[in-house]
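Asker: Attaching a predicted model along with its sequence, questions to come.
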Amino acid sequence: GLGGRYATALYSAASKAKKLDQVEKEMNRVQAIIKEAKMANMISNPHIKRALKQKAISDTLGKEKLSPITVNFVNLLAENGRLPNTTDVINAFAKIMSAHRGEALCSVTTASALDEANLAELKTALNGFLAKGETLKLETKTDSTILGGMVVSIGDKYIDMSTKAK
């Protein structure tokens, strides 16, 4: 989507400048700035003109001492009226960076929290699905509506072994 296109452009620019890690850290800082109540209200208010939003974000980023790539990118988002989409862009960029590092994102949803023994066994089983050189980045969630079993999402694979699905 839209976030992916902007994230890809940011990745390309940061990669050419060999500043991927720095830009990733700075984008996390930008996300924190945008989530602050005053800034979030200003960005989401349709009655405030784009030029004012641009100036506010530009002034705020100027105080942060961020790299030119990050500042220019956020200013581009502001210029194009895409500030409300910044979180989507940052999340898409985080996924691209995760893939760049060879991390495979995996989400496991169970009815109740897993104990350490089950978690270790699950990690061992999931590592069998990974390609050579990939590392597992596991995210666990609980959802009592699935009753029992688990729902696993790893990369583009989705496995529903819950009793709710039966």
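Answerer: Thanks, I have it. Residues are numbered from 1 along each chain as shown.
Asker: all contacts plus neighbour counts: C-alpha atoms, from now on.
Answerer: Noted.
Asker: quick one: which helix or strand includes Cys106?
Answerer: strand 103-110 (DSSP states H and E).
Asker: Could the C-alpha coordinates of that strand be exported in CSV?
Answerer: Extracted in CSV, the C-alpha atoms of strand 103-110 (Å, rounded to 0.1, in the frame of the first residue of the first chain):
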residue,chain,number,x,y,z
GLU,A,103,14.6,-11.9,10.5
ALA,A,104,11.5,-14.0,9.9
LEU,A,105,8.5,-12.5,11.7
CYS,A,106,6.3,-15.1,13.4
SER,A,107,3.1,-14.6,15.3
VAL,A,108,1.7,-17.3,17.5
THR,A,109,-1.7,-16.9,19.1
THR,A,110,-2.8,-19.3,21.9
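Asker: Please name the strands paired to that strand in the sheet, noting orientation.
Answerer: Its sheet considered, strand 103-110 pairs with strand 135-142 (parallel), strand 150-154 (antiparallel) by DSSP bridges.
Asker: mind checking which of the ones you listed is nearest Ala99?
Answerer: Ranking the strands paired with strand 103-110 by proximity to Ala99 (C-alpha to C-alpha) places strand 135-142 first, at 9.9 Å.
Asker: Give the buried residues for that closest one.
Answerer: Thr135, Leu136, Leu138 (16 or more other C-alpha atoms under 10 Å).
Asker: Throw the strands paired with strand 103-110 into TSV and include mean pLDDT, thanks.
Answerer: Output for those, formatted as TSV (pLDDT from 0 to 100):
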stretch	mean pLDDT
strand 135-142	85
strand 150-154	86
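Asker: Make TSV out of the ones you listed and add distance to His100.
Answerer: Compiled in TSV, these are given as follows (distance: least, C-alpha to C-alpha, whole Å):
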stretch	distance to His100
strand 135-142	11
strand 150-154	16
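Asker: Give me the three-state assignment for Tyr11.
Answerer: helix (DSSP: H, G, I helix; E, B strand; the rest coil).
Asker: measure it to His47 for me?
Answerer: Noted for Tyr11: a distance of 32 Å to His47, by C-alpha to C-alpha, to the nearest Å.
Asker: Lys157 now?
Answerer: In terms of C-alpha to C-alpha, Lys157 sits 43 Å off from His47.
Asker: same thing with Gln22?
Answerer: Counting by C-alpha to C-alpha - Gln22 and His47 are separated by 34 Å.
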